[in-house]
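K.L.:
Got a sequence here, can you model it:
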Amino acid sequence: MFQILKREIYVAKHAQTTKFRIAKYIVILIIGTTTYKLFGANSLISLLIFASILSIFIHLFFRWKTDSWKKSWGPYNKIPIPSE
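P.N.:
Just a heads-up that it's a prediction; the model follows:
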């Protein structure tokens, strides 16, 4: 179990480039701010709940298709994990 957790943390830290992470968070902030200004706080909360559920589903789907991050699939390219 500890080995799986270590792999998950390593992939979470190293699978995305810094440039991608910055762009991702800028887009998330723009969408969140726009949603709040146009539709209010309740819509923003609904959007955040929906996005959280969707992101968990996508994470689990990619984890399944990549055999726990051990092989490339779709946009994910296998990264060398030091503990393996």
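K.L.:
from what I can see residue 73 touches residue 62, true?
P.N.:
Yes: under the criterion of C-beta atoms under 8 Å, residue 73 is in contact with residue 62, at a separation of 7.3 Å. Every C-beta, even on glycine, is put in place using the N, C-alpha and C of the backbone.
K.L.:
Pull up the per-residue confidence for residue 12.
P.N.:
pLDDT for residue 12: 87.
K.L.:
Could you count how many residues lie near it?
P.N.:
Residue crowding around residue 12 was assessed by other C-beta atoms under 10 Å; the count is 11.
K.L.:
any weak-confidence spans in this structure?
P.N.:
Low-confidence segments of the chain, defined by pLDDT under 70: 83-84.
K.L.:
can you give me the helices in it?
P.N.:
Secondary structure of the chain (DSSP state H): helices at 2-14, 18-39, 41-65.
K.L.:
Quick one, which of the ones you listed gets closest to residue 80.
P.N.:
Smallest distance to residue 80 across these (C-beta to C-beta): 9.2 Å, for helix 2-14.
K.L.:
Pipe the helices of the chain into CSV and attach distance to residue 78 per row.
P.N.:
Shown next, in CSV, are those (distance: least, C-beta to C-beta, whole Å):
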stretch, distance to residue 78
helix 2-14, 10
helix 18-39, 17
helix 41-65, 12
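K.L.:
and residue 79, which of those is closest to it?
P.N.:
Residue 79 lies closest, by C-beta to C-beta, to one member of the helices of the chain: helix 2-14, at 5.8 Å.
K.L.:
Just give me how far that closest one sits from the chain centre.
P.N.:
13 Å (C-alpha atoms, centre = their mean, to the nearest Å).
K.L.:
List the buried residues for that helix?
P.N.:
Within helix 2-14, the residues scored as buried using 16 or more other C-beta atoms under 10 Å are 7, 10-11.
K.L.:
do stretch 38-52 as well
P.N.:
With burial defined by 16+ other C-beta under 10 Å, the residues of stretch 38-52 counted as buried are residue 44.
K.L.:
Run through who's touching it.
P.N.:
Contacts with stretch 38-52, where a contact means C-beta atoms under 8 Å, 6 or more residues apart in numbering, come from 31-32, 35-36.
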